[in-house]
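Novice: coords below, sequence missing:
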């Protein structure tokens, strides 16, 4: 198992305050939390607001479960870039005797993995992954391409941490654009500005910056440098707790990566480009709680009007 | 891997109609679907309605992710009763060379399980499971006990099927009552009647019946017979597609099972009893679509008024 990332002093204090106030509920595993009603109310308002912004600009709503067919994970290249973050699903398909031994071992908290085998499913690595095959299944794109709101979907990252802003399982609200290369890039950059304006309207001191993914290993450092230099990933950063600001949203340009894998064609028959925006629901709620205080009823009126309207 | 359960002719036709209408999106794995906007709109209305009924009767809203700490699964007895339905999460924690081999194998859709090891997490087997330790962590129950609305949470059952009403991953809306034995049993029976009234108000020909869980193996047949004779599980059944009606909600009495595991005490210091209600969001939406037709805009006005109000 990977080592659990330590929290800075102010991250640990923030987490203790969040759980004491009933905003978060600890599960016993770092980075896995339940939500109290107040936390969840803010998160749902944010979810509604993001979907409403997307809907007003023509997005189609699709929703997906927290599991991705393993075959799609295998085809996506994710295991090449982020093998340390992926989760796969195992299950039991043995006889009664094996079931009895497995159950006894488990009840004693002793190893029982030898009775489990890999299924056809994995955890969702990013909320945009199921969108591409769903759109590809419709055939050639109409003129203008596609704009999908995949909503606040659960995604998994295996990086246990005591920083309350670094979750193993969280809601990533993804908007996905599929179409002509130029239109996709323009859309990505427009939404990066819109996302910045939105977080600032929530009273957050957000900054837009060029970023890179946490690619695995030595080869990953080259991928990261390339991603930076080609401005493929932009992020909205907000200071929550800890020494560095936290990425609360990212705006990613994939060029023809997913279009090629799933054979998505624009109306003239060439391979579609894609981009996606991911807003981290829990991180934005934490940024709001850190900035405006743990009681949303006492937040500035202008901030409340943006979310409770 | 377990064999995929076959669909009856009318189940297969229903699934084909649902996907042709864009209500469901196939993922390539039986029992794992995306939702189109129309399906999801009905599901969200149902979610709101159930939470609103619970809230009006004093329920506290808590929300949990689709993952349960493995230790809790081990302590719960679930692996004893339903080893064939549980899912456990595996991940990679190797070096760069292993990562490269794993990635190459996966890209060719060849086995790569040898590089994966069991994590501290499992998939959520039932939406009420995280509620008990969360309430236990608060200490002795107040007079009157606790009533929790855990919302429409994702749960996993490893039983691949081509019947659209049998999912591997679906929203189970759980309401949980924890308290004195008599109060818990009365609550369970009141809500069974309320659930029946609600589904009938939606225009569904629902019936309440005594039921049993799909316990594993020969010993499971005895557990099932006992559960039936002691009326520990009630179900709301609606005819969707297939030869038999489908359970759309269940009302379960656990006696002191979870109270003992988590040491939950009522105000006089004795072990709390618990009961939970689980409404299957997707099954209820499918029952509505099957009963009233695939276009919710054309449903009877009385049904629409129940959900869109």
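Specialist: Everything's here; your move. Small disclaimer: the values here were computed from a predicted structure and weren't measured. Numbers count the residues shown, from 1 in each chain, chains lettered A, B, ... in the order given.
Novice: mind listing the helices for the stretch 201-309 of chain A?
Specialist: Using DSSP state H, counting those that start in this stretch, the helices assigned to the stretch 201-309 of chain A run over residues A:217-229, A:257-262, A:281-292, A:301-307.
Novice: pick the most deeply packed of these.
Specialist: helix A:281-292 (a mean of 23; mean count of other Cβ atoms under 10 Å in any protein chain shown). C-beta: built from backbone N, CA, C; applies to glycine.
Novice: now do that one, average pLDDT.
Specialist: In this model, helix A:281-292 has a mean pLDDT of 98.
Novice: quick revisit: ok, which of the helices of the stretch 201-309 of chain A comes nearest residue B:158?
Specialist: Nearest to residue B:158, of all those, is helix A:257-262, at 26.7 Å by Cβ to Cβ.
Novice: run through who's touching the closest one.
Specialist: Contacts with helix A:257-262, where a contact means Cβ atoms under 8 Å, 6 or more residues apart in numbering or on different chains, come from A:75-77, A:132-133, A:135-136, A:178, A:264-265, A:271-274.
Novice: tell me which two in the residues you listed are the farthest apart.
Specialist: Checking the contacts of helix A:257-262 with Cβ to Cβ, the most distant pair is A:77 and A:265, at 19.9 Å.
Novice: near chain B, which residues of the stretch 201-309 of chain A?
Specialist: Residues of the stretch 201-309 of chain A lying close to chain B (Cβ under 8 Å from any Cβ of the partner chain) are A:216, A:217, A:218, A:219.
Novice: and the two most separated of the residues you listed?
Specialist: A:216 and A:218 (9.1 Å).
Novice: now the common contact residues for those two.
Specialist: Counting by Cβ under 8 Å, 6+ apart, the residues touching both residue A:216 and residue A:218 are residue B:96.
Novice: that older thread, now restrict the contacts of helix A:257-262 to buried residues only.
Specialist: Applying 16 or more other Cβ atoms under 10 Å in any protein chain shown to these, the neighbour count classes A:75, A:76, A:132, A:133, A:135, A:136, A:178, A:264, A:271, A:272, A:273, A:274 as buried.
Novice: among the residues you listed, name the ones in strands.
Specialist: A:178, A:273, A:274 (DSSP state E).
Novice: switch those over to TSV; also include distance to residue B:195 and pLDDT.
Specialist: Output for those, formatted as TSV (distance: Cβ to Cβ, whole Å; pLDDT from 0 to 100):
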residue	distance to residue B:195	pLDDT
A:178	41	98
A:273	48	98
A:274	43	98
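Novice: from these, pick the one nearest chain B.
Specialist: Comparing these against chain B with Cβ to the nearest Cβ places residue A:178 closest, at 15.1 Å.
Novice: was I right to think residue A:91 contacts residue A:119?
Specialist: Yes. Using Cβ atoms under 8 Å, residue A:91 makes contact with residue A:119 at a distance of 5.0 Å.
Novice: so what sits against both of these two?
Specialist: B:87, B:158.
Novice: per-residue pLDDT, the residue of chain A most remote from its centre?
Specialist: Largest separation from the mean C-alpha position in chain A: residue A:97, at 40.4 Å (Cα atoms, centre = their mean). Here, the pLDDT recorded for residue A:97 equals 97.
Novice: got phi/psi on the nearest residue to residue A:116 once chain neighbours are set aside?
Specialist: Excluding the flanking residues, the one nearest residue A:116 by Cβ to Cβ, 6 or more residues apart in numbering or on different chains is residue A:90, at 3.9 Å. Backbone torsions for residue A:90, taken as degrees, to the nearest 10, come to phi -110, psi 160.
Novice: residue contacts, residue A:90?
Specialist: Contacts of residue A:90 by Cβ under 8 Å, 6+ apart are A:113, A:116, A:117, A:118, A:119, B:87, B:88, B:89, B:90, B:113, B:116, B:118.
Novice: how much space separates it from residue A:118?
Specialist: Per Cβ to Cβ, to the nearest Å, residue A:90 is found 6 Å from residue A:118.
Novice: name the nearest residue to residue A:282, sequence neighbours excluded.
Specialist: Using Cβ to Cβ, 6+ apart, the closest residue to residue A:282 is residue A:170 (4.8 Å).
Novice: helix/strand/coil for the one you found?
Specialist: At residue A:170 the chain is in strand, as set by DSSP: H, G, I helix; E, B strand; the rest coil.
Novice: who's it bridged to?
Specialist: On the basis of DSSP bridges, residue A:170 is bridged to residue A:155.
Novice: from the residues of the stretch 201-309 of chain A next to chain B, which is closest to chain B?
Specialist: Closest to chain B out of these is residue A:217 (4.3 Å), distances taken as Cβ to the nearest Cβ.
Novice: for that closest one, which non-adjacent residue is spatially closest?
Specialist: Closest to residue A:217 by Cβ to Cβ, 6+ apart is residue B:96, at 4.3 Å.
Novice: and if you look at residue A:169?
Specialist: Nearest to residue A:169 is residue B:65, by Cβ to Cβ, 6+ apart, at 4.3 Å.
Novice: name the SS class of the one you found, please.
Specialist: Going by three-state DSSP: residue B:65 is coil.
Novice: so how far is residue A:50 from the residue positioned nearest the centre of chain A?
Specialist: By Cα atoms, centre = their mean, chain A has its centre lying nearest to residue A:172, at 3.4 Å. Noted for residue A:172: a distance of 11 Å to residue A:50, by Cβ to Cβ.
Novice: if the residue nearest to residue A:116 is in a bridge, with which residues?
Specialist: residue A:118, residue B:88.
Novice: how much space between it and residue B:137?
Specialist: From residue A:90 to residue B:137 the distance is 29 Å (Cβ to Cβ).
Novice: which of the buried ones among the contacts of helix A:257-262 lies closest to residue A:106?
Specialist: residue A:76 (32.0 Å).
Novice: all helices for the stretch 51-200 of chain A, in order.
Specialist: A:70-76, A:78-81, A:96-107, A:131-136, A:181-201.
Novice: can I get these in JSON lines with distance to residue B:292?
Specialist: Converted to JSON lines, the helices of the stretch 51-200 of chain A look like this (distance: least, Cβ to Cβ, whole Å):
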{"stretch": "helix A:70-76", "distance to residue B:292": "34"}
{"stretch": "helix A:78-81", "distance to residue B:292": "41"}
{"stretch": "helix A:96-107", "distance to residue B:292": "42"}
{"stretch": "helix A:131-136", "distance to residue B:292": "26"}
{"stretch": "helix A:181-201", "distance to residue B:292": "38"}
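Novice: bridged to the nearest residue to residue A:59 once chain neighbours are set aside, which residues?
Specialist: What sits nearest to residue A:59 in space, not counting adjacent residues and going by Cβ to Cβ, 6+ apart, is residue A:149, at 4.0 Å. Residues in a beta bridge with residue A:149, per DSSP bridges, are residue A:61, residue A:175.
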